[in-house]
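>>> give me the fold of what follows.
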Amino acid sequence: MSSRLVRSVAAVLMVAGVSPVAAQSSGQAPVQLSLQEALTLARENSPSYRQTLNDEGPAAASVRAAYGALFPTLNGSSGASYSRAGRQTIANQVFSQGSPTISSNYNLSASWSLSKRSLLGPGASKAQQEVVDENISAAGINLAADVTTQYLSALRAAATTEVAQQQVARNQEFLALAQARQTVGQTSIIDVRQAEVTLGSSQVSLLRARQAEIDAKIELLRRMGMPVDANVGALRLTESFQLTQPNFSLETLLATAGVANPNIRVADAQFASAKYGVRTAKAAYLPSFSVGTGISGFTQQYTSTDPLLAGALSSALGNAANCRFQNNILSRLTSPHPDPNGGIIADCNSYAGLDGTGSVLQPEIAQAIRDRNTGWPFSYTRQPWSISASISVPLWDGFSRASNVSQARASEDDAREATRARRLEVGGLVQSRYGAVNTAWEAARIQETTRTLAQEQLQLAQDRYRVGQGSALEVTDAQNSLTRAEADYVSAVYDYHQAVVALEAAVGRPLR
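I've put the predicted structure just below:
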């Protein structure tokens with residue numbers, strides 16, 4: 001049975017039969033409470049259980065991340081920058097920048113890598129998720145056992161209070177009887193004083209029993225994760241437990257515990273995770289493959305075109321001067337020249353891009369310079385597309401891989417032995433608690449008989465006292481014996497029920 005199915009069954013068992021009380025706000029303490037309602041509220045509000053549930057999300061995210069590692073990764077970036085005018089030195093070369101510049105860029109890249117470790121990732125993450133799921137299941141079962149045990153403790157305290165109330169009522173009747181007999185002269189004031197002392201002692205016992213009941217209810221609410229208000233003493237526990245003879249089979253209990261006990265399931269999941277750890281460590285000996293590609297682009301623009309125009313004008317003036325120099329040389333040559341004009345350029349200013357004055361750039365050239373200084377921020381100049389592939393083969397790492405494999409194998413061996421130890425422990429625990437259930441059942445039967453005998457003894461003592469054949473001491477002793485017998489019977493009954501709860505926790509499933 002999978003861990004999720006176990007948790008679903010546990011949830012159904014805990015929620016079954018929920019009354020409207022369980023639907024109340026988690027911020028309010030209930031006024032009456034059945035066991036199923038207590039279990040439901042505990043699952044919703046117990047801090048320790050809720051903390052365990054919080055591990056479920058990260059475990060599922062880890063599985064998704066492991067699958068995601070098998071697909072390419074995509075990255076995109078974009079940025080903008082500003083650079084002031086000035087001189088920059090790059091590789092011992094000085095560059096002058098006459099105007100501040102603004103620039104932008106983008107980069108889109110994709111990469112994909114494959115290795116045995118990444119292929120094992122999903123399985124390893126699932127194994128670890130199984131550990132988390134089993135821990136949550138175990139926390140739910142332990143929470144149910146804890147709350148049920150405390151619920152029974154609160155019922156035990158309430159039953160003990162009833163026993164104390166009955167004792168007070170019997171002592172009041174005895175005091176009234178002693179006073180009546182003393183009035184008619186059939187007994188002395190000593191019997192009356194003894195009855196008063198006995199009544200006072202029983203009233204003190206009742207006060208203490210009531211406080212113990214309140215304390216048990218406070219502890220129950222605390223384990224449920226519920227607030228405690230001033231009326232906790234009025235909280236009414238509505239569940240009733242029948243004393244029925246156990247008919248469990250030890251062989252069946254042991255077989256069930258082997259597959260359902262939460263501690264065994266957690267150990268098995270940890271062992272499975274440790275085996276993946278060994279496979280992952282061994283994967284470091286195998287090569288890995290990776291592929292990468294990407295595109296990028298940039299823009300750069302001067303904030304002012306004046307330096308560009310000045311530079312172009314200076315270059316044009318230089319070209320025009322050189323043109324005139326070359327014309328002067330060619331005009332002095334006397335040998336025939338293949339060019340009809342002798343290679344002389346007629347208009348050096350036009351040739352260099354200057355206007356007729358020879359001191360200003362031609363308007364179309366100046367405008368072309370201005371037009372080229374545009375495009376920021378989104379008219380990118382795209383760079384050539386590229387792709388790369390590589391394979392990595394581990395050769396020598398100073399024995400670190402061997403060390404990791406050795407540690408992983410040791411962890412696997414530890415997990416295997418921990419699983420075996422857990423099964424041995426659970427097997428002994430089930431047998432012990434099975435015997436405790438049978439012992440508690442027999443003890444409850446004996447205490448029931450003892451209570452009946454104590455009731456008969458008190459009735460005889462009271463009858464003898466009424467007719468003057470018995471003493472007040474006999475009645476007091478009989479009353480005390482009955483109180484002890486009733487208290488012992490209450491303890492025996494709830495010891496039995498708590499023993500069954502402990503057995504259910506050891507097996508990992510409800511048995512009733």
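>>> how about the helices in this structure?
Applying DSSP state H to the chain gives helices spanning 3-15, 35-45, 47-53, 56-68, 116-183, 189-224, 250-260, 262-282, 306-331, 348-352, 363-372, 400-466, 472-507.
>>> including mean neighbour count, distance to Ser390 and mean pLDDT, could these go into CSV?
For glycine as for every other residue, the C-beta is placed from the backbone atoms N, C-alpha and C. Listed next are the helices of the chain as CSV, based on neighbours: other Cβ atoms under 10 Å; distance: least, Cβ to Cβ, whole Å; pLDDT from 0 to 100:
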stretch, mean neighbour count, distance to Ser390, mean pLDDT
helix 3-15, 16, 41, 40
helix 35-45, 22, 52, 95
helix 47-53, 14, 44, 95
helix 56-68, 14, 21, 95
helix 116-183, 20, 15, 94
helix 189-224, 18, 58, 94
helix 250-260, 16, 48, 96
helix 262-282, 21, 22, 95
helix 306-331, 15, 43, 88
helix 348-352, 19, 52, 87
helix 363-372, 13, 39, 89
helix 400-466, 16, 20, 95
helix 472-507, 21, 56, 94
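>>> go through these and name the closest to Ser296.
Each of the helices of the chain has some distance to Ser296 by Cβ to Cβ; the shortest is helix 363-372, at 20.9 Å.
>>> show me what that closest one is packed up against.
Secondary-structure packing of helix 363-372 (3 or more Cβ pairs under 8 Å, 6 or more residues apart in numbering; DSSP states H and E): helix 306-331.
>>> the helix it packs on to helix 363-372, inter-axis angle?
140 degrees (axes from the mean of the first three to the mean of the last three Cα atoms, to 10 degrees).
>>> list the helices and strands helix 306-331 packs on?
Using 3+ Cβ pairs under 8 Å, 6+ apart: helix 306-331 touches helix 348-352, helix 363-372.
>>> tell me how far that helix is from the chain's mean position?
77 Å (Cα atoms, centre = their mean, to the nearest Å).
>>> what's the answer for stretch 488-508, then?
32 Å.
>>> Ser491 is in contact with Arg156, isn't it?
Yes. Ser491 lies in contact with Arg156 (Cβ atoms under 8 Å); the separation is 7.0 Å.
>>> what is the burial count for Arg382?
Neighbour count of Arg382, defined by other Cβ atoms under 10 Å: 10.
>>> gap between it and Ala60?
In this view, Arg382 and Ala60 are 41 Å apart by Cβ to Cβ, to the nearest Å.
>>> swap in Ile190?
To Ala60, Ile190 is 78 Å away according to Cβ to Cβ.
>>> try Phe174
68 Å.
>>> also Thr160?
47 Å.
>>> need the contact list for Glu196.
With contacts defined as Cβ atoms under 8 Å, 6 or more residues apart in numbering, Glu196 is in contact with Leu175.
>>> should've said Val501
Contacts of Val501 by Cβ under 8 Å, 6+ apart are Ala145, Thr148, Thr149, Leu152.
>>> now with 10 Å, please.
144-149, 151-152, 433, 437, 510-512 (Cβ atoms under 10 Å, 6 or more residues apart in numbering).
>>> is it true that Ala267 touches Arg416?
Yes. Ala267 lies in contact with Arg416 (Cβ atoms under 10 Å); the separation is 9.3 Å.
>>> nearest to Ser81, out of the helices of the chain?
Closest approach to Ser81 among these is made by helix 306-331 (18.5 Å; Cβ to Cβ).
>>> touching, Asn349 and Ala316? I think so.
Yes. Asn349 is in contact with Ala316 according to Cβ under 10 Å; the separation is 8.4 Å.
>>> now do the shared contacts for the two.
Common neighbours of Asn349 and Ala316 (criterion: Cβ under 10 Å, 6+ apart): Asp355, Gly358, Ser359, Val360, Gln362.
>>> with just CA atoms, put stretch 48-58 into PDB.
What follows is stretch 48-58, C-alpha atoms only, in PDB (Å, rounded to 0.1, in the frame of the first residue of the first chain):
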ATOM      1  CA  SER A  48       3.800  19.700  15.500                       C
ATOM      2  CA  TYR A  49       1.700  17.900  12.900                       C
ATOM      3  CA  ARG A  50       1.300  21.000  10.800                       C
ATOM      4  CA  GLN A  51       5.100  21.500  10.900                       C
ATOM      5  CA  THR A  52       5.500  17.900   9.500                       C
ATOM      6  CA  LEU A  53       3.000  18.700   6.700                       C
ATOM      7  CA  ASN A  54       5.100  21.700   5.700                       C
ATOM      8  CA  ASP A  55       7.800  19.300   4.400                       C
ATOM      9  CA  GLU A  56       5.400  18.000   1.700                       C
ATOM     10  CA  GLY A  57       5.600  21.100  -0.600                       C
ATOM     11  CA  PRO A  58       9.400  21.200  -0.800                       C
END
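>>> make a markdown table from the helices and strands packed on helix 306-331 and add distance to Cys323 to it.
Shown next, in a markdown table, are the helices and strands packed on helix 306-331 (distance: least, Cβ to Cβ, whole Å):
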| stretch | distance to Cys323 |
| --- | --- |
| helix 348-352 | 3 |
| helix 363-372 | 16 |
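>>> between the ones you listed, which gets nearest to Leu35?
Comparing those by Cβ to Cβ, helix 363-372 comes nearest, at 84.4 Å.
>>> for the nearest residue to Ser125 once chain neighbours are set aside, what are its contacts?
Spatially, and ignoring its direct neighbours in sequence, Ser125 is nearest to Ala66 (4.0 Å; Cβ to Cβ, 6 or more residues apart in numbering). Shown in contact with Ala66 (Cβ under 10 Å, 6+ apart): Ser118, Leu119, Leu120, Gly121, Pro122, Gly123, Ala124, Ser125, Lys126, Gln128, Gln129.
>>> how near is the last one to Leu120?
What that stands for is Gln129. 14 Å.
>>> isn't Asn171 right up against Leu199?
Yes. The pair Asn171 and Leu199 qualifies as a contact (Cβ under 10 Å) at a distance of 4.1 Å.
>>> leaving out chain neighbours, which residue sits closest to Trp168?
If you look again at residue 168, you'll see it is Val, not Trp. Ser202 (4.7 Å).
>>> do I have it right that that neighbour meets Leu482?
No. Between Ser202 and Leu482 there is no contact under Cβ under 10 Å: 11.6 Å.
>>> between these two, what contacts are shared?
Gln166, Gln167, Arg170.
>>> quick one: contacts for the last one?
Contact partners of Arg170, counting by Cβ under 10 Å, 6+ apart, are Thr198, Leu199, Ser202, Leu458, Gln462, Val475, Ala478, Gln479, Leu482, Thr483.
>>> quick one: the third one from Ala195, how far?
Looking back up the chat, that one is Ser202. Separation of Ser202 from Ala195 (Cβ to Cβ): 11 Å.
>>> kindly report the same for the fifth one.
The span separating Gln462 from Ala195 equals 12 Å under the rule Cβ to Cβ.
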